[in-house]
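*Asks:* Test case, fold it:
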Amino acid sequence: MGKGFFITGTDTNAGKTWATVALMRYFKAQGKSVAGMKPVASGCSFQEGKLKNEDALLIQENASLRISYDLINFYAYELAASPHIAGTKNPVNLKKVVAAFNALKELTEIVLVEGAGGWYTPLNERERISDLAKLLGLPVIMVVAIRLGCINHAILTHEAIRYSGIKYAGWMAACTDPKLLNLKENIQTLQSSLDVPLVGVLPYMKVADFNFLGKQLQFPKPY
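*Replies:* This next block holds a predicted model:
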């Protein structure tokens, strides 16, 4: 359905947005035109009379061209809860998300789509993030929050992505815990456990330097 990637994570607050923006900077540095989407977001606040999400605004800000917010964040929910709970009055319709994606991919060479929560996060009463990824048909990149428990979470998510049969481009390590012991050993264990490429390691930063983070990425061919 187009060139790009679907960004999922091992959990909520795994570092997906920083990873998405780092990827945007990486591809822009390769001379590509890039846009991003966070089609479903909870915990939004009113800005200029409209619910908006801070992560989606950051993605909008880093696109190669000016893009309407409505194409980037199609479902913005005020309640900070799983989308199937936060969106009971306006449930996610995957066909509408795909239509927005199709419009966006006509504008740029690469579209990065950030999921909500983890791989099996419910979007409505019947469908999950994994279903959206399948419909979009984009290769998946899994973001692993490198913190206590990450090995188990990463392997479970990895196996779920593999089970889906969707193309799987690789994984990224997001160092979210500055106090974590044995950081290097955790990443090494995951490298030996996951049979997809490590796209990059995002070091812990209090304030993101996305140009720096983008330089930490390395894609194997054909990406």
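
*Asks:* how about low-confidence regions in this structure?
*Replies:* 1-2, 220-223 (pLDDT under 70).

*Asks:* Please, where are all the strands along it?
*Replies:* 4-9, 34-37, 40-41, 45-47, 50-52, 75-76, 110-118, 140-145, 168-174, 198-202 (DSSP state E).

*Asks:* any chance of these in a markdown table, plus mean neighbour count and distance to L132?
*Replies:* Placement of C-beta: from N, CA and C, glycine included. As requested, those are exported to a markdown table (neighbours: other Cβ atoms under 10 Å; distance: least, Cβ to Cβ, whole Å):
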| stretch | mean neighbour count | distance to L132 |
| --- | --- | --- |
| strand 4-9 | 27 | 8 |
| strand 34-37 | 26 | 11 |
| strand 40-41 | 26 | 8 |
| strand 45-47 | 11 | 24 |
| strand 50-52 | 15 | 20 |
| strand 75-76 | 26 | 11 |
| strand 110-118 | 25 | 7 |
| strand 140-145 | 27 | 11 |
| strand 168-174 | 23 | 16 |
| strand 198-202 | 21 | 21 |
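
*Asks:* Now tabulate the ones you listed in a markdown table and tack on distance to A133.
*Replies:* Shown next, in a markdown table, are these (distance: least, Cβ to Cβ, whole Å):
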| stretch | distance to A133 |
| --- | --- |
| strand 4-9 | 5 |
| strand 34-37 | 12 |
| strand 40-41 | 12 |
| strand 45-47 | 27 |
| strand 50-52 | 24 |
| strand 75-76 | 16 |
| strand 110-118 | 7 |
| strand 140-145 | 6 |
| strand 168-174 | 10 |
| strand 198-202 | 17 |
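
*Asks:* closest one to E61 among those strands?
*Replies:* strand 34-37 (9.8 Å; Cβ to Cβ).

*Asks:* Would you mind pulling the contact partners of that closest one?
*Replies:* 20-21, 24, 27-28, 59-60, 62-65, 67, 71-74, 100-101, 104, 107-114 (Cβ atoms under 8 Å, 6 or more residues apart in numbering).

*Asks:* Next: stretch 77-84.
*Replies:* 40-46, 51, 75, 85-87, 90-92, 116-117, 121-125.

*Asks:* how deep is A19 tucked in, by neighbour count?
*Replies:* 27 (other Cβ atoms under 10 Å).

*Asks:* need the contact list for it.
*Replies:* So A19 contacts I7, I141, V143, M172, A174, L202 (Cβ under 8 Å, 6+ apart).

*Asks:* Mind listing the residues bridging to the first one?
*Replies:* Partner residues in beta bridges with I7: E114, I141, with DSSP bridges as the criterion.

*Asks:* so it touches G117, yeah?
*Replies:* No. The pair formed by I7 and G117 falls short of the contact definition of Cβ atoms under 8 Å, at 12.0 Å.

*Asks:* so who does the spatially closest residue to A154 that is not a sequence neighbour touch?
*Replies:* Nearest residue to A154, sequence neighbours excluded (Cβ to Cβ, 6 or more residues apart in numbering): V144, at 4.5 Å. Residues in contact with V144 (Cβ under 8 Å, 6+ apart) are G9, T10, A14, C150, H153, A154, T157, W171, M172, A173, A174, L190.
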